[in-house]
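# pasting the sequence and the predicted model now:
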Amino acid sequence: MYSDFEFWDKIDDWPKDQPPSYEFCGKIDNHETIYEEMEKFDGWTHSFAEDFTEELIENIACLSGSTRDRWEAIQEKWKIYGSDAAPHGNWQYYWAVPHKEDFPTIHEFMEKNPQYHHPVVAKLGPDEILLSHNHGPAHQYLYNVSINEPDGAKSAIFPSGVIPFTPGDIYKLYVHNQHAVVNGGENRYHVMFRGGRIEQ
Ligand SMILES: [Fe+2]
C-alpha cells in the first residue's frame, strides 16, 4: 500500500474519519520485572533461523486468527523485509514462547487475565526497524504489549497514526492495516497475545 518512506512521510495526511486501528486495553502488571526477565533470557530464536519449535511457529502464525499454514509465507516475508530493513545483513529480530520457568511474571498476569493467551515475545535490536507491512486482507487483530520503549522508538498503524506506547501498555491492533516500527538505541521488547478475525 505504502512504501516505507511514504508510510512515515505521509503520516500527517492519513484520513481522520476512519474507525481506529488501535485500542488501548489497559496495562500488564509488573512490566519492570518482565523487562528483567527479558534481559536475562538467552533462548531467543532469530527470525531467519531454521530451528523454530512447533509451539513458536504456531503461536506466531496464528497470532491474528490465521492457521499454521501461514508460517512459510511469514518466513519468506521476513527474509525479504529483513534484508531491506538491515542491508548490513544482520537484522536483529528475535522470538520466543515465554515459558513459565523464564517468564513467571507474564504467566502470573495470564492466570489472572485468561483473555490473554498463546503468548509470543519479540526482541528488536538497537536501531533496527520493522518495515511497513500488514497481515493480510481479512479483518484481524492481535494484542501487543510494550515492555520497554527505548528513546526514539516509535510504532504506527494506518490510519490512526503513532501508537502512544508507554511501557506496560496493552494495545489491540487491527493488523490488516499497514504498520511499522522504528527502534531507538536499545533492545525493544514486546509481548503479543492471540487475537482473531473479525466478521465482515
Ligand atoms: Fe505486524
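Great, that's in hand. Bear in mind that the values here come from a model prediction, so they are computed numbers and not experimental data.
# which stretches in this protein count as helices?
Counting by DSSP state H, the chain has these helices, from start to end: 4-9, 31-40, 54-61, 71-85, 104-112.
# can you pull the contacts of residue 46?
Contact criterion CB atoms under 8 Å, 6 or more residues apart in numbering gives 93, 94 as the residues in contact with residue 46. For every residue, glycine as well, the C-beta is placed using N, CA and C.
# that one and residue 133, how far apart?
For residue 46, the distance to residue 133 under the criterion CB to CB, to the nearest Å works out to 18 Å.
# the closest residue to residue 39 other than its chain neighbours: neighbour count?
Computed as CB to CB, 6 or more residues apart in numbering, the closest residue to residue 39 that is not its neighbour in sequence is residue 187, at 7.7 Å. Taking other CB atoms under 10 Å as the criterion, the count of residues near residue 187 is 19.
# how close does the residue of the chain most remote from its centre get to residue 93?
The centre of the chain is farthest from one residue, residue 17, which by CA atoms, centre = their mean lies 25.6 Å away. Distance from residue 17 to residue 93, counting by CB to CB: 34 Å.
# in this structure, where's the longest strand?
strand 188-197 (DSSP state E).
# what lies in contact with that strand?
Residues from elsewhere that reach strand 188-197, judged by CB under 8 Å, 6+ apart: 28, 34-35, 38, 59, 62-65, 98, 106, 116-124, 138-150, 153, 172, 181.
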